[in-house]
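Trainee: I'll drop the sequence and a predicted model, then ask my questions.
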Amino acid sequence: ISPYSMFASRLLSRTASRTRIAQRRWGSMDVKKNKHVEEWNGKREITEKTFEFDSTSVPWLLGTMLAFPAFVWYWTADEMSKRPEFKGRTC
């Protein structure tokens, strides 16, 4: 028996025993799955496979990444300029 195979067998036995302990600890819990959470999780996992980057998605992405934050900043700055306790401060 080579030293490598002895090391590998020892490592595998330790990993297997830890796995059995974890399965015993978490496997005995009675968990009721939520159908809606499982469906959302499945959709979340395949989002990158179903997303198509084309000419119709570019305006939506620009609006989400640029226009919406700019609108929020403008609205916040406008609200702060109207309140006397924030007069003279910049956003």
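Mentor: Structure received. Numbering: from 1, shown residues only.
Trainee: Need the pLDDT of Phe86.
Mentor: pLDDT for Phe86: 72.
Trainee: Three-state assignment for Phe53, please.
Mentor: Under DSSP: H, G, I helix; E, B strand; the rest coil, Phe53 falls in the coil class.
Trainee: and it, how many neighbours does it have?
Mentor: 8 (other CB atoms under 10 Å). Using the backbone N, CA and C atoms, a C-beta is placed for each residue, glycine as well.
Trainee: neighbours of Lys35, just the number please.
Mentor: Neighbour number of Lys35 under other CB under 10 Å is 7.
Trainee: Ala77 too?
Mentor: 14.
Trainee: Give the next helix or strand downstream of the helix or strand of the chain with the lowest mean pLDDT.
Mentor: Lowest mean confidence among the helices and strands of the chain (mean pLDDT, DSSP states H and E): helix 3-27, at a mean of 59. For helix 3-27, the following helix or strand on the C-terminal side (DSSP states H and E) is helix 35-45.
Trainee: okay, that next one in CSV with CA atoms only?
Mentor: Taking C-alpha atoms only, helix 35-45 is exported to CSV below (Å, rounded to 0.1, in the frame of the first residue of the first chain):
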residue,chain,number,x,y,z
LYS,A,35,-44.6,25.2,-3.0
HIS,A,36,-44.2,28.9,-3.8
VAL,A,37,-40.7,29.1,-2.4
GLU,A,38,-39.6,26.0,-4.3
GLU,A,39,-41.1,27.5,-7.5
TRP,A,40,-39.3,30.8,-7.0
ASN,A,41,-36.0,29.0,-6.3
GLY,A,42,-36.3,27.0,-9.5
LYS,A,43,-37.0,30.2,-11.5
ARG,A,44,-34.1,32.0,-9.8
GLU,A,45,-31.7,29.2,-10.7
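Trainee: what's that helix packed up against?
Mentor: Helix 35-45 sits against no helix or strand, with contacts defined as 3 or more CB pairs under 8 Å, 6 or more residues apart in numbering; DSSP states H and E.
Trainee: Let me see the mean pLDDT of it.
Mentor: 87.
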